[in-house]
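Engineer: The following comprises the amino acid sequence and a computationally predicted model.
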Amino acid sequence: FNVACYGALTQMIAQETDLELGVFSHYINDAHIYVNHIKGLEEQMQREPLPLPILEISRKPFWDLQFEDFKLNQYNYHPAIKFDVAV
């Protein structure tokens with residue numbers, strides 16, 4: 001979720017400032033896997049990545065953007081993998 005939000009924010013800032021959109025890079029220094037997630041993660045790792053979708057953001061001032069101004073085009077996905085909530 002964070003990666004998608006920060007990627008969208010990067011695109012919003014580039015659009016607002018009329019700069020060319022670059023590459024968003026995210027570093028996770030405290031990633032952890034719970035024992036009850038191993039099976040689902042093993043399944044996820046066997047999947048071939050699909051082409052990335054295209055995020056289209058309406059040309060409006062940054063603070064005027066609403067949920068409806070964001071469109072995700074060509075979004076293809078694999079079937080969901082159910083993960084138990086880790087407690």
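Structural biologist: Thanks, I have it.

Engineer: secondary structure element for residue 23?
Structural biologist: If you go by DSSP states H and E, residue 23 is not part of any helix or strand.

Engineer: tell me which element residue 50 falls in.
Structural biologist: Using DSSP H and E, residue 50 falls outside every helix and strand.

Engineer: any idea how far residue 85 is from residue 79?
Structural biologist: Counting by CB to CB, to the nearest Å, the separation of residue 85 from residue 79 is 20 Å. In short, each C-beta sits where N, CA and C put it, glycine included.

Engineer: For stretch 45-62, which outside residues touch it?
Structural biologist: 7-8, 11-13, 15-16, 65, 69-78 (CB atoms under 8 Å, 6 or more residues apart in numbering).

Engineer: Other residues contacting stretch 22-39?
Structural biologist: 2-3, 6-7, 10, 14, 41, 83-84, 86.

Engineer: now those residues as CSV including neighbour count?
Structural biologist: Below are the contacts of stretch 22-39 laid out as CSV (neighbours: other CB atoms under 10 Å):
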residue, neighbour count
2, 8
3, 11
6, 13
7, 15
10, 15
14, 15
41, 13
83, 13
84, 10
86, 10
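
Engineer: for this protein, what spans make up the helices?
Structural biologist: Applying DSSP state H to the chain gives helices spanning 2-16, 38-45.

Engineer: Could you report the neighbour count for residue 31?
Structural biologist: Counted with other CB atoms under 10 Å, residues neighbouring residue 31 total 5.

Engineer: about what we covered before: any of the contacts of stretch 45-62 buried? List them.
Structural biologist: 8, 11-12, 15, 65 (16 or more other CB atoms under 10 Å).
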